[in-house]
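Colleague: need a 3D model of the sequence below.
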Amino acid sequence: MTVEQRRYGMRRELAISYDQAVAKTKDALKAQGFGVLTEIDMKATLKAKLDADLDPYIILGACNPPLAHRAITADPEVGLLLPCNVVVRSSGGKTIVEAMDPAAAMGIVGNPAVEAVANEAKERLEKALAAL
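Modeller: Coordinates of the predicted model:
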């Protein structure tokens, strides 16, 4: 399977369980220099706050420190667009991994130095998804 480019993200469907996909996604991100700063379990959160049922869904806040440093040095306000969110979710019996497209998100900044960092981050996220 290949990585599917979406309007503001990238997507990959996997033929493995949700739990396996979460673990493999974290490993693939690490291999590309990303650490996971945050994990938001949307299924648990929405159940606790709204008593709403949702298929398994986690948002991973991924950060590549050298890239983040370069971006923040180029424009301190770019922190508003960090970290790169990666979603692992179950839907209709499928496991889906999606990553934000940093080039799309940071394109609004209008700073060539930030755009260069965003393009590098996008390449690394694409490689992580492709490795799944």
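
Colleague: from now on I want contacts and neighbour counts done on CA atoms only, so please keep to that.
Modeller: Will do.

Colleague: which stretches in this structure count as strands?
Modeller: Assigned by DSSP state E, the strands in the chain fall at 4-5, 9-14, 35-41, 57-63, 84-91, 94-100.

Colleague: now the first one, how far from the centre of its chain.
Modeller: What that stands for is strand 4-5. Offset of strand 4-5 from its chain centre (CA atoms, centre = their mean, to the nearest Å): 13 Å.

Colleague: low pLDDT regions in this structure?
Modeller: Scanning the chain with the threshold set as pLDDT under 70 gives 1.

Colleague: change it to 90
Modeller: Along the chain, the model assigns pLDDT under 90 to residues 1-2, 7, 92-93.

Colleague: most distant residue from the centre of it?
Modeller: If you look at how far each residue of the chain sits from its centre, by CA atoms, centre = their mean, the farthest one is Asp51, at 26.3 Å.

Colleague: list the contacts of the residue nearest the centre of the chain.
Modeller: For the chain, the residue nearest the mean C-alpha position is Val86 (2.2 Å; CA atoms, centre = their mean). If you count contacts by CA atoms under 8 Å, 6 or more residues apart in numbering, Val86 has them with Ile59, Leu60, Gly61, Ala62, Val97, Glu98, Ala99, Met100.

Colleague: so how do I select the buried members of those in PyMOL?
Modeller: Selection of buried members from the contacts of Val86 for PyMOL, criterion 16 or more other CA atoms under 10 Å:
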select buried, resi 59+60+61+62+97+98+99+100
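
Colleague: and the contacts of Val86 as TSV, adding distance to Ala118?
Modeller: Compiled in TSV, the contacts of Val86 are given as follows (distance: CA to CA, whole Å):
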residue	distance to Ala118
Ile59	20
Leu60	18
Gly61	15
Ala62	13
Val97	20
Glu98	17
Ala99	13
Met100	11
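
Colleague: from the contacts of Val86, which is closest to Val114?
Modeller: Nearest to Val114 among the contacts of Val86 is Met100, at 15.7 Å by CA to CA.

Colleague: okay, now the closest residue to the closest one other than its chain neighbours: neighbour count?
Modeller: Ranked by CA to CA, 6 or more residues apart in numbering and with sequence neighbours excluded, the top spatial neighbour of Met100 is Gly9, at 4.2 Å. Residues lying near Gly9 (other CA atoms under 10 Å) number 19.
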